[in-house]
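Engineer: how does the following fold in three dimensions:
(2 chains)
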2 protein chains.
Amino acid sequence: MSFTTRQHFEIKNVIISAGTHGNEMSGIEAVAQWQNNPSPLHEALPSAHIGLTLANKPAVKARVRYVDEDLNRQFSQAKLNMSVAENAPNEVKIAHDFNAEFGPKGQSKTDFCIDIHNTTSNMGPTLIVLENDEFNQQLARFVKSVMPHSVILVEDYQAFADFGYLCTVATKGVMVEVGPQLQGALRASVYQQTVDMSLAILRFIELYNTQTIPNLGPVQAYRFGLEVAYPTNSQKQKTAMIHPNLDGKDFAPLLPQQPCFIDFTGKDLLWEGNASYPHFIGEAAYDHLNIAFATADKCLF
Amino acid sequence: MSFTTRQHFEIKNVIISAGTHGNEMSGIEAVAQWQNNPSPLHEALPSAHIGLTLANKPAVKARVRYVDEDLNRQFSQAKLNMSVAENAPNEVKIAHDFNAEFGPKGQSKTDFCIDIHNTTSNMGPTLIVLENDEFNQQLARFVKSVMPHSVILVEDYQAFADFGYLCTVATKGVMVEVGPQLQGALRASVYQQTVDMSLAILRFIELYNTQTIPNLGPVQAYRFGLEVAYPTNSQKQKTAMIHPNLDGKDFAPLLPQQPCFIDFTGKDLLWEGNASYPHFIGEAAYDHLNIAFATADKCLF
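Structural biologist: Predicted structure coming up:
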C-alpha cells in the first residue's frame, strides 16, 4: 500500500481508541461522550465507518496505566507473532485480541487508527505522526491549519510497521497526545483540545477520501531525538530532579550549558548535549523508568 | 495534657513520617536524604530525638497511594480498638503496627509527628494544623514568619484525637501538604518547600522546648469547610469538569455565580454556595471519590 502512487486509497474503516493507558482520562471520557452521541464524528467524516474502543478495559477500570505491562509497546510484529501463554501478562493477551479484532497488522481490516493519549507534561495538543510521507504531511498541515497552537511531533526513526504502538495495527495511524493532565483526572482544556484534534483528523480524512485536500505548505514540526535519563548514583537512585527552569518548558529550546537538573544539594547540572527541544519533561509514567525527558529537533514537515 | 497550663511539656520524641501515601514523592525523597545525612534535622532541633519513618512501605514500593485502603484514614481510636483479622486490608495492619511502634494513640511515646504529604493541587506549601490551641497558633505563626508564602490550613471541626489521620498517633501532630506535584514524580520546587517547612517546624519545636518562642501576632489562615462533589447523572457518572477559571486557583476567592464547573457540552455551571476559598482543586487522588474541591473560610490564627 502506497499513498504516493496515483491509485487512491480510500479510508473506509476508522477506529478511535482510548484507554490504551487506563489512567489517561481525556480520551476515555471523549469515547464515552461519543458513544452517547456519535453525531460529531459522522459530521466530520461521513464517508467512513468509525468504530470506538477502549483498548485496555481492565486498566481503565483500575485507573492505572497498565495492569502488567505497557499495552502501547506490545504491537511489534515480532511480539504479535509469538504465541500467547495462558499465564501471559494481561496486556500481551489484550494486544493479540486487539490485533485479531482490528488488524491483523500488515493486512489490516482497519484503514486508520486514532489512538488518544494524554501526558502529565506541558506538551499542549500534540499530534504524533510515525511516517514522513505525503499523507502524514498533509494531515499534519491540516491539523496545524485548524489548530495553530497544536504541535506536530514526528517519530520516524524506524518504519511504521516496526513500532510497537497500538495504532500501527491499522494500515495508517497516529497518536493524539495532549497535556498537561494528571493521571486519573480530567482537565477541561485538555479534554477540549483532545476532542478538537480528533475531529480535525476525521475532517482531514474526509477531505482525503473526497480528494479535496487544500494545498498546504510545510509547517514547523519537531522530530523525536532520544530519551534523556535522570542522573543516578551507583545504587541506581536518582540524584537530581528536573531543574525548575526546565520544568513545564516542553518544546522550548534547551541550549548547551543551560541548567537541566538540580541535585539534592541544590547544585545545578548543565545540559551538555546539543541545542534541543525537550518534551515529555518529567512525564510521571516515565519516572520509574528513569526517563527525565525526550529531545527533539525542529524541522519542516 | 494541656499546653495552656503553666507546666511546660517538653517535646522529647519527634517522628517525621512520609510515604503515608506511597506515590507522594517529595516526603519519601526528603526522608531518604535525611537518612543519609540527618545533620540538618539535628541542627534545627538539637533538644529532641528525631525518628524517620516510611509509613506505608508496600505502597511506596508499588508507587501507589495505597494498596487496599487509605492509610491516613485508619487512625481513629475506634478503628485502632478493633482487632485485626488475618485477611484485614494491608493498611489496617500497618496502622495497628504503626500505633504499637509509635503510639499508642492517647498515651503516646511520640510527642510530636510531622506527616509529610503532597498534592496534585496548586496549594503551595501548606501547613495543616488540627487544633486551635496556643501551641498550634504559635507554630503556624512561626512557619508563616519564616515562609511568608506558606499557607496555614486549620482543620479543627472535631477534636484532634477524633481524626483518623496518622499524625494523631502522637500527642501533637501536623501535616505538611505541598503542591502541585504529580503522583509518583518529584518537582524540585515542591521538594525544596517540603524540606523548608519541615525544618521550620523543627526549629519551632526547639524554640518551644527552650521557651524562647518570639511573640508573634495572628496570621491569615484558612479554616476547612466542606467537600464539594462533581455533578453527576443518575448513573453516578461525572457530567462536568472543574472550570478552567477555577483550575489551579487554590485559595483564591470563589464568589457566588462565578463558574466552577463546565459540562461536556461546554456549558458553565455557576457556584451557588457562599463566597469561599477552594483548595484541593481537582486533587487526582479524590477524583474516584467524586470530590472536586474543598471549601475554606479566611480566618486569623
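
Engineer: what does the stretch 201-301 of chain A have sitting close to chain B?
Structural biologist: Contact residues, the stretch 201-301 of chain A versus chain B (Cβ under 8 Å from any Cβ of the partner chain): A:237-238, A:241-244, A:247, A:262, A:264, A:266, A:282, A:284, A:287-288. Heads up, the C-betas are built off the backbone N, CA and C, glycines and all.

Engineer: at 10 Å instead, please
Structural biologist: A:230, A:237-238, A:240-248, A:261-266, A:282-288 (Cβ under 10 Å from any Cβ of the partner chain).

Engineer: what's the ChimeraX line that selects buried ones from these?
Structural biologist: Of those, the buried ones can be selected in ChimeraX as follows, counting by 16 or more other Cβ atoms under 10 Å in any protein chain shown:
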select /A:230,238,240,241,242,243,246,247,261,262,264,282,283,284,285,286,287
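
Engineer: can you show me the CA trace of the worst-scoring helix or strand of chain A on mean pLDDT as CSV?
Structural biologist: Ranking every helix and strand in chain A by mean pLDDT, DSSP states H and E puts helix A:77-81 at the bottom, with a mean of 95. Extracted in CSV, the C-alpha atoms of helix A:77-81 (Å, rounded to 0.1, in the frame of the first residue of the first chain):
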residue,chain,number,x,y,z
GLN,A,77,5.2,-7.8,14.5
ALA,A,78,7.7,-9.9,16.5
LYS,A,79,5.6,-9.8,19.6
LEU,A,80,2.3,-10.3,17.8
ASN,A,81,3.8,-13.4,16.0
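
Engineer: quick one, helices of the stretch 51-200 of chain A?
Structural biologist: A:57-62, A:77-81, A:90-102, A:134-146, A:188-209 (DSSP state H, counting those that start in this stretch).

Engineer: return the most buried member of those.
Structural biologist: helix A:188-209 (a mean of 21; mean count of other Cβ atoms under 10 Å in any protein chain shown).

Engineer: tell me the mean pLDDT over that one?
Structural biologist: Per-residue pLDDT over helix A:188-209 has a mean of 98.

Engineer: so which elements touch the next helix or strand after that helix?
Structural biologist: Downstream of helix A:188-209, the next assigned helix or strand under DSSP states H and E is strand A:220-229. With contacts taken as 3 or more Cβ pairs under 10 Å, 6 or more residues apart in numbering or on different chains; DSSP states H and E, strand A:220-229 sits against strand A:124-129, helix A:134-146, strand A:151-154, strand A:291-300.

Engineer: one more time with 7 Å, if that's ok
Structural biologist: strand A:151-154, strand A:291-300 (3 or more Cβ pairs under 7 Å, 6 or more residues apart in numbering or on different chains; DSSP states H and E).

Engineer: of the helices of the stretch 51-200 of chain A, which is nearest B:V154?
Structural biologist: Set against B:V154 and scored by Cβ to Cβ, those come closest in helix A:188-209, at 30.3 Å.

Engineer: give me the residues contacting the closest one.
Structural biologist: A:10-11, A:14, A:16, A:26-27, A:29-30, A:40-41, A:44-48, A:112, A:114, A:116, A:118, A:125, A:127, A:139, A:142-143, A:146-147, A:150, A:174, A:176, A:178-179, A:181, A:213, B:241-244, B:247, B:262 (Cβ atoms under 7 Å, 6 or more residues apart in numbering or on different chains).

Engineer: and the stretch 1-150 of chain A, which residues reach chain B?
Structural biologist: Within the stretch 1-150 of chain A, the residues that sit near chain B (Cβ under 7 Å from any Cβ of the partner chain) are A:33, A:63, A:120.

Engineer: now do the same for A:F9: its pLDDT.
Structural biologist: A:F9 is assigned 85 on the pLDDT scale.

Engineer: how much space between it and A:A252?
Structural biologist: 38 Å (Cβ to Cβ, to the nearest Å).

Engineer: what of A:M82?
Structural biologist: A:M82 is 41 Å from A:A252, by Cβ to Cβ.

Engineer: ditto for A:I291
Structural biologist: 19 Å.

Engineer: same question for A:I50.
Structural biologist: 36 Å.

Engineer: which one's more surrounded, the two?
Structural biologist: Taking other Cβ atoms under 10 Å in any protein chain shown, A:I50 and A:A252 do not tie; A:I50 has more neighbours (19 against 13).

Engineer: show me the contacts for that one.
Structural biologist: So A:I50 contacts A:14, A:16, A:41 (Cβ under 7 Å, 6+ apart).

Engineer: can you pick the most crowded of those?
Structural biologist: Neighbour counts for these peak at A:V14, which has 24 neighbours (criterion: other Cβ under 10 Å).

Engineer: packing partners for the host helix or strand of that one?
Structural biologist: Under the criterion of DSSP H and E, A:V14 resides in strand A:13-18. When contacts are defined as 3+ Cβ pairs under 7 Å, 6+ apart, strand A:13-18 sits against helix A:25-36, strand A:49-54, strand A:112-118.

Engineer: show me the shaky parts of chain A.
Structural biologist: For chain A, the stretches with pLDDT under 70 are A:1-7.

Engineer: residue nearest the centroid of it?
Structural biologist: Computing the C-alpha centroid of chain A and ranking residues by Cα atoms, centre = their mean puts A:M175 first, at 3.5 Å.

Engineer: reformat the helices and strands packed on strand A:220-229 as a markdown table; add distance to B:L202 and mean neighbour count.
Structural biologist: Output for the helices and strands packed on strand A:220-229, formatted as a markdown table (distance: least, Cβ to Cβ, whole Å; neighbours: other Cβ atoms under 10 Å in any protein chain shown):
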| stretch | distance to B:L202 | mean neighbour count |
| --- | --- | --- |
| strand A:151-154 | 45 | 24 |
| strand A:291-300 | 31 | 19 |
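
Engineer: pipe these into a markdown table and attach distance to A:Q257 per row.
Structural biologist: As requested, the helices and strands packed on strand A:220-229 are exported to a markdown table (distance: least, Cβ to Cβ, whole Å):
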| stretch | distance to A:Q257 |
| --- | --- |
| strand A:151-154 | 26 |
| strand A:291-300 | 16 |
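
Engineer: isn't A:S108 up against A:G173?
Structural biologist: No. The criterion here is Cβ atoms under 7 Å, and A:S108 misses it with A:G173 at 9.3 Å.

Engineer: the two - which one has more neighbours?
Structural biologist: Between A:S108 and A:G173, counting by other Cβ under 10 Å, A:G173 is the more crowded of the two (27 against 21).
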